[in-house]
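Chemist: One predicted model, sequence on top.
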Amino acid sequence: MGWIVLAVVAVLLVYLVSIYNGLVTSRNAYKNAFAQIDVQLQRRYDLIPNLVETAKGYLKHERETLEAVVAARGAAVAGLAAAKAKPGDPQAMQQLGAAETALGGALGRLMMVAEAYPDLKANQNMMQLSEELTSTENRVAFARQAYNDAVMSYNNRREVFPNSFVANLFNFAAAQPLDIEKPEARQAPKVSFT
């Protein structure tokens, strides 16, 4: 009889260890996915000063636009540092998401202003930087999707029964996905038949 109880306890212990290890693996997966976002965002942040320098000579009357891009980049770098320190933390992810939304808006305004300057638009350096920035934006989107998928998988794993008991026992906190809003995506298209 004692062997049966001991065997049941051993099986239960192995099962709990398996749940714990699965939670750790999932948490490490979303942290690794965030590291990929970090790489791509850092690449993006490194391109922005070159873009601003290239545009500066042409946009003498658009100083506010250039300053807005530089300020938004600074806020985004700070947001990334906070998120890097605590990947998945709701406050850090919201801070990064808001900073990235602001940076995207500032870069969008810079690109719209650049359209009004044919010499700048035709500048080889500006075209190359714009192309690299677009490529990096796509990489950020893919990395963000991979991170958000890993966060969803982790959160699902920590919330299902009986994993939720182990997650609560060992303080596995919920992870926050990274949402970067695109204001233009939220606006309804304007249709005019005149």
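Modeler: Structure's in. What do you need?
Chemist: which stretches of this structure form helices?
Modeler: Shown for the chain, the helices assigned by DSSP state H span residues 2-56, 63-85, 90-115, 118-122, 124-159, 163-169, 183-186.
Chemist: Report pLDDT for Glu62.
Modeler: Looking at Glu62, its pLDDT reads 77.
Chemist: Next, give phi and psi for it.
Modeler: phi -120, psi 40 (degrees, to the nearest 10).
Chemist: Contacts only, for it.
Modeler: For Glu62, the contacting residues are Val113, taking C-beta atoms under 8 Å, 6 or more residues apart in numbering as the criterion. The C-beta positions use only the backbone N, C-alpha and C, and glycine is treated the same way.
Chemist: closest to Pro177 out of the helices of the chain?
Modeler: Taking C-beta to C-beta as the criterion, Pro177 comes closest to helix 124-159 out of the helices of the chain, the separation being 4.2 Å.
Chemist: any idea of the angle the closest one forms with helix 90-115?
Modeler: Orientation check (axes from the mean of the first three to the mean of the last three C-alpha atoms, to 10 degrees): helix 124-159 against helix 90-115 gives 160 degrees.
Chemist: List the buried residues of helix 124-159.
Modeler: Using 16 or more other C-beta atoms under 10 Å as the test for burial, helix 124-159 gives 126, 129-130, 132-133, 136, 139-140, 143-144, 146-148, 150-151, 154-155, 157-158.
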